[in-house]
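In: Just need the structure, nothing else, for what follows:
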Amino acid sequence: MPEQDLDPCPYIDHALLDPQAHPQEVERLCAEADRFGFASVCVYPCHVQLARDYLLKSQVAVGTVIGFPSGASTSNVKLYEAMEAVENGAMELDVVINFGWLKSGQTNLLHQDIAQICQESGVPVKAILELSKLSPEEQALAAEICMDAGVSFLKTGTGWAGGATVEMVKFLKEFSRGRVGVKASGGIKTREQAIALINAGATRIGTSQGATIAKSR
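Out: Below you'll find the predicted structure:
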């Protein structure tokens, strides 16, 4: 599809991950997502119920983050956080992997950490890989473990350690070979950036600038 004809709105996960966000901002986020036809909103777990109530009659999904941003919570805590979020209305979970386990070769623990959330939550899981902090070998290993664990998406990063790049998206698309979706997240502020990442293979765009991108058409 030619770049000028591509509408990024259906790809956007409209994010509000400011720890100081208040309910009025969450409601505004939801209103924007509904207005522009975004794929989802992504909020902290404490705001899931509010977002769900606001979007109850909308096609916009409610997503949240688990173990964010470090991924270093215990597996039991992550699982509890995930299950509570689903109970409160979360339809998608962006889960940060445990990077310490990855880098120390504790791959069984890493696999179990993600697999139990995939199996018990019953909703799509997006594994946050923080590619900018991993070697090429670690990137491939993390992606393979997460796909084997049952994730629905591989996500470039939290956005707290650098932005998504076309190269990151191309790697995840090529490595996954269509087995899962690819989410680009971090530093995506313009329509041109979003379209470039989608053309590179991203099936979701995580950004706090969704409304700006939508209005720039």
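
In: Could you list which residues are in contact with residue 26?
Out: Residues near residue 26 by CB atoms under 8 Å, 6 or more residues apart in numbering: 16, 43, 47, 50-51, 54. For the C-beta atoms, the positions are set from N, CA and C on the backbone; glycine is no exception.

In: sec struct for it, please.
Out: helix (DSSP: H, G, I helix; E, B strand; the rest coil).

In: about what we covered before: pick out whichever of the contacts of residue 26 sits closest to residue 110.
Out: The shortest gap between residue 110 and any of these belongs to residue 43, at 25.9 Å (CB to CB).

In: burial count for the closest one?
Out: Using other CB atoms under 10 Å, residue 43 has 28 neighbouring residues.

In: could you measure it against residue 168, distance?
Out: Distance of residue 43 to residue 168, given as CB to CB, to the nearest Å: 24 Å.

In: Residue 187 too?
Out: 11 Å.

In: So which of these two has more stuff around it?
Out: More crowded of residue 187 and residue 168, by other CB under 10 Å: residue 168, with 27 against 15.

In: From the contact counts, what lies against the one helix or strand the more buried one maps to?
Out: Counting by DSSP states H and E, the element that carries residue 168 is helix 166-176. Contacts defined by 3 or more CB pairs under 8 Å, 6 or more residues apart in numbering; DSSP states H and E place helix 166-176 against helix 136-149, strand 181-185, helix 191-200.

In: Could you tell me the average pLDDT over it, please?
Out: Averaged across helix 166-176, pLDDT comes to 98.

In: same deal with stretch 56-71?
Out: 98.

In: any idea of the pLDDT on residue 97?
Out: Looking at residue 97, its pLDDT is 98.

In: ok, now how distant is it from residue 68?
Out: Taken as CB to CB, the span from residue 97 to residue 68 is 11 Å.

In: tell me, what's touching those two both at once?
Out: Jointly contacting residue 97 and residue 68 under the rule CB under 8 Å, 6+ apart are residue 128.

In: Which one of the two is surrounded by more residues?
Out: A direct count of neighbours by other CB under 10 Å for residue 97 and residue 68 places residue 97 higher, at 26 against 19.

In: how many neighbours does the nearest residue to the more buried one once chain neighbours are set aside have?
Out: Closest residue to residue 97 apart from its sequence neighbours, by CB to CB, 6 or more residues apart in numbering: residue 71 at 5.2 Å. When counting by other CB under 10 Å, one arrives at 23 neighbours for residue 71.

In: what's the spacing between residue 71 and residue 127?
Out: To residue 127, residue 71 is 10 Å away according to CB to CB.

In: Would you mind listing the residues touching both of these two?
Out: Taking CB under 8 Å, 6+ apart as the contact rule, residue 71 and residue 127 both touch 95, 97.

In: Can you name the residues that contact the most centrally placed residue in the chain?
Out: Nearest to the mean C-alpha position of the chain, counting by CA atoms, centre = their mean, stands residue 94 at 4.5 Å. Shown in contact with residue 94 (CB under 8 Å, 6+ apart): 42, 63-66, 68, 125-126, 128, 155, 183, 206.
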